[in-house]
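Engineer: Return atomic coordinates for the entry below.
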Amino acid sequence: MIAVAMGLTMLGLVMLFSAGVTKDAHSLLIKQIIWIGLSVFIFLYVAFVDLNWLKNKTWWVFGFCLLALALTLVPGIGVKVNGAQRWIGIGPLRVQPSEFAKIGLVLGLASFFSDNQREIKSFIRGFLFPSAIIGMICGLIILQPDFGTCFLCGAVGATLMFQSGVSLKWLLPVGGLAILAFSILVYFDPVRIRRVTSFLDVEANANDSAYQLWQGMLAFGVGGIQGVGLGMGRQQMHFLPEAHTDFIFPVIGEELGLICTMAILLCFLFLFLLVGWKLRQAPRLYEYLLAMGALLFVCLQAIINMGVVTGSMPTKGMSLPFISYGGSNLMVTFVFLGIIVNVFRKWDNPGLLKPREIKEI
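Structural biologist: This is a model prediction of the structure:
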């Protein structure tokens, strides 16, 4: 699992240098290497941290995530780029709190459900409270606005609720209402509804709102099965915007071809099947939800990114885990990888499992 993750990361460095030719490739490469170093360091810390200690700090982490999300909306603190105020400027660095809010969401739901297992079927503690946890995160994210991350957090949160045993008689109707409300917000947002209409007819909008998607699809077509060769692609040469971030997958398709893109897809499929199979042996709900939440965030984000750049989903600025340029997402992805490794390490070593305390009556 670690070998696959590091292989994808190294491929990302190579393609970043190729895709960043118009954006000072050397500078981007150095920044990404620094982020990778920090991410690996944090991965090692998370992989060996005491999960019981982490559980005790859950609500501090969750509260910090909410505070960071709220600060992005404060003028002078939040940084606005392309009409979205999703970043906090810290000197020359920009941090995206919505990425770290994913960690707070997973920790919060895992801790809450493990502490309230006997009341999961109840309405108040089994449905209302966890819905409020998800709603606080998603509400602040959509105010930025960031519809894609909001949808991703809502989907992962609802899946964890279902996996925990929440009654479908509440989950299905409220989930349907949430999707309806989300669709209404998209409909009345001119930028988002334009992306949807462009997605429905890409060729007709190839020179307008669907320009980026059209250029990405052309890159896949030019690459064919074997690709045109590393560093020989044309789309990143002023044709494909954001080629080093959201649309790095088409650059890989053009230069390395269908064989490499299918290999990347199989790598994410391997991670999903490996972790999912191992989760069948989960001894406790807390560790199960931690690993499941981490897995869903990594794999669903990869699916959304690949779906967007291939024209299977409406355009959304969501990076490809391990590969796309960007420090916040890379660091959070390695945190999730560290959580999975920590959970598996604890299961494989029974001595790390602390016996449940029995209180004297």
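
Engineer: Residue 265 against residue 307, yeah?
Structural biologist: No. Between residue 265 and residue 307 there is no contact under C-beta atoms under 8 Å: 11.2 Å. The C-beta positions use only the backbone N, C-alpha and C, and glycine is treated the same way.

Engineer: how about residue 112, secondary structure?
Structural biologist: helix (DSSP: H, G, I helix; E, B strand; the rest coil).

Engineer: which residues sit in contact with it?
Structural biologist: For residue 112, the contacting residues are 129-130, 133, by C-beta atoms under 8 Å, 6 or more residues apart in numbering.

Engineer: same check, this time on residue 93
Structural biologist: Contacts of residue 93 by C-beta under 8 Å, 6+ apart are residue 327.

Engineer: so what's it bridging to?
Structural biologist: Per DSSP bridges, the residues bridged to residue 93 are residue 90.

Engineer: Restrict the contacts of residue 112 to the buried ones and give me that as a PyMOL selection.
Structural biologist: The buried subset of the contacts of residue 112, as determined by 16 or more other C-beta atoms under 10 Å, is captured in PyMOL by this line:
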select buried, resi 130+133
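
Engineer: What is the nearest of the contacts of residue 112 to residue 144?
Structural biologist: Nearest to residue 144 out of the contacts of residue 112 is residue 133 (C-beta to C-beta; 18.7 Å).

Engineer: what about the closest one, distance to residue 175?
Structural biologist: 15 Å (C-beta to C-beta, to the nearest Å).

Engineer: what's the answer for residue 194, then?
Structural biologist: 27 Å.

Engineer: what do you get for residue 42?
Structural biologist: Distance from residue 42 to residue 175, by C-beta to C-beta: 33 Å.

Engineer: What is the end-to-end distance of stretch 213-232?
Structural biologist: Start-to-end span of stretch 213-232 (C-alpha to C-alpha, to the nearest Å) is 20 Å.

Engineer: That stretch - what's its average pLDDT?
Structural biologist: What stretch 213-232 shows for mean pLDDT is 80.

Engineer: List of residues touching it?
Structural biologist: 14, 18, 198-199, 202-203, 205-206, 233-235, 239-241, 247, 249-251, 253-261, 308-311, 315.

Engineer: buried set for the helix ranked longest in the chain?
Structural biologist: Secondary structure of the chain read by DSSP state H shows that its longest helix is helix 248-278. Across helix 248-278, burial judged by 16+ other C-beta under 10 Å covers 248-257, 260-261, 264, 267-268, 271-272, 275, 278.
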